[in-house]
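Trainee: Quick one: sequence and predicted model below, then my questions.
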Amino acid sequence: MPREYEKPPVVEALCEFQFLPGRPWDWTVPGLFYTRVSPEFPRREQQVVSSFEIRRDAREVAHALDPQIHRIQFWRSDSTALVQLGRDLLTVNQLQPYPKWETFKQRIASMLEVYRSVAEPKGFQRVALRYINRILVPGDRVEIEDYIQAVPRIPDVLPQVFATWAQRVEVPYEADKGMLVIQAGSGASQDSNRVVFLLDLGFILTRPEELVVEHAMEWIATAHDRIESAFEACLTEKSRETFSENAHARQGG
């Protein structure tokens, strides 16, 4: 049975969909989307990116800086969650505090359904579920393997002390049409008496052409199961102690 923690280390969870174009995209799509989601996500913000272009002709070289709206963010009033919308793009983000998986899953399903109704996508180019965990442990110097089982390996003749470290592993799950991505490493700490480990787990759809939009949430549920299993496999009992596991009520997370 999945474990439940009183202080889960998740700092952000997100689900990203990149779509095959459906109806012609214009900025009425975010307007229609906002009309539907504004009761839960009333605050709007625009992310602007600038493109730098060099234009050449026979007489001179001209430089142009062209600001463009990249995506629109819709925030909850308490800033704990947001939805991001761009051209053929939908991302659902959950920040701290992380709720139960069933709550986050329902939000993903709801936002996907709204997007389907206003943008009419034909299919997927990319689907990914990702959990970013920040594990704080006491001490100014600790043994990595005491807290995380996904640890770096270097030859024994070298000093086994790491000032910083990072590693990335990709594990294919052919039956699930997915790729598990495990990224682990050291993180910055503002407290000299604490060490920070980062555990970033994602599950990416590897054959998007085979997933129909109507069955997307079934795949998302599988992706969550794979991430949850990897999360528990990467932990030790010492790290679980820092999350204060609730032994009386274990459920998905």
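Mentor: Done, it's in.

Trainee: mind listing the helices for the stretch 51-200 of the chain?
Mentor: 101-119 (DSSP state H, counting those that start in this stretch).

Trainee: Low-confidence ranges, it, go.
Mentor: By pLDDT under 70, the low-scoring segments of the stretch 51-200 of the chain are 51-69, 140, 190-191.

Trainee: For the stretch 151-253 of the chain, which segments are assigned as strands?
Mentor: For the stretch 151-253 of the chain, the strands defined by DSSP state E, counting those that start in this stretch cover 166-173, 178-187, 194-205.

Trainee: does residue 182 really touch residue 198, like I thought?
Mentor: No. Applying CB atoms under 8 Å as the test, residue 182 and residue 198 come out as separate, 11.2 Å apart. All C-beta atoms are positioned from the backbone trio N, CA, C, and that covers glycine.

Trainee: what's residue 89 in contact with, if anything?
Mentor: Counting by CB atoms under 8 Å, 6 or more residues apart in numbering, residue 89 makes contact with 16-19, 71.

Trainee: so which of the strands of the stretch 151-253 of the chain gets nearest residue 238?
Mentor: Minimum separation from residue 238 across these (CB to CB) falls at strand 194-205, 11.3 Å.

Trainee: Tell me the buried residues in the closest one?
Mentor: Neighbour counts over strand 194-205 (16 or more other CB atoms under 10 Å) mark 195, 197-205 as buried.

Trainee: Equivalent analysis for stretch 228-246, please.
Mentor: Across stretch 228-246, burial judged by 16+ other CB under 10 Å covers 228, 230-231, 234-235, 239, 242-243, 245.

Trainee: Nearest to residue 91, out of the strands of the stretch 151-253 of the chain?
Mentor: strand 194-205 (13.0 Å).

Trainee: Please identify the pairing partners of the closest one and their relative orientation?
Mentor: The pairing partners recorded for strand 194-205 under DSSP bridges are strand 123-138 (antiparallel), strand 178-187 (antiparallel).

Trainee: Need those in TSV (columns: distance to residue 163 and mean neighbour count).
Mentor: Below are the strands paired with strand 194-205 laid out as TSV (distance: least, CB to CB, whole Å; neighbours: other CB atoms under 10 Å):
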stretch	distance to residue 163	mean neighbour count
strand 123-138	17	19
strand 178-187	8	19
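
Trainee: For those, give me a markdown table that also has distance to residue 146.
Mentor: Putting these into a markdown table (distance: least, CB to CB, whole Å) gives the following:
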| stretch | distance to residue 146 |
| --- | --- |
| strand 123-138 | 8 |
| strand 178-187 | 14 |
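
Trainee: Relative to residue 209, tell me which of these wins on proximity.
Mentor: Smallest distance to residue 209 across the strands paired with strand 194-205 (CB to CB): 6.9 Å, for strand 123-138.

Trainee: Extract the CA atoms of the closest one and return them as PDB.
Mentor: Extracted in PDB, the C-alpha atoms of strand 123-138 (Å, rounded to 0.1, in the frame of the first residue of the first chain):
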ATOM      1  CA  GLY A 123      -3.500  14.300 -30.400                       C
ATOM      2  CA  PHE A 124      -0.300  14.600 -28.500                       C
ATOM      3  CA  GLN A 125       3.300  15.500 -29.300                       C
ATOM      4  CA  ARG A 126       4.500  15.100 -25.700                       C
ATOM      5  CA  VAL A 127       3.000  14.100 -22.300                       C
ATOM      6  CA  ALA A 128       5.000  14.100 -19.100                       C
ATOM      7  CA  LEU A 129       4.400  13.900 -15.300                       C
ATOM      8  CA  ARG A 130       7.100  15.200 -13.000                       C
ATOM      9  CA  TYR A 131       7.700  15.400  -9.300                       C
ATOM     10  CA  ILE A 132      10.500  17.600  -7.800                       C
ATOM     11  CA  ASN A 133      11.400  16.600  -4.200                       C
ATOM     12  CA  ARG A 134      13.700  18.500  -1.800                       C
ATOM     13  CA  ILE A 135      15.000  16.400   1.000                       C
ATOM     14  CA  LEU A 136      16.500  18.200   4.000                       C
ATOM     15  CA  VAL A 137      18.600  16.200   6.500                       C
ATOM     16  CA  PRO A 138      20.300  17.400   9.700                       C
END
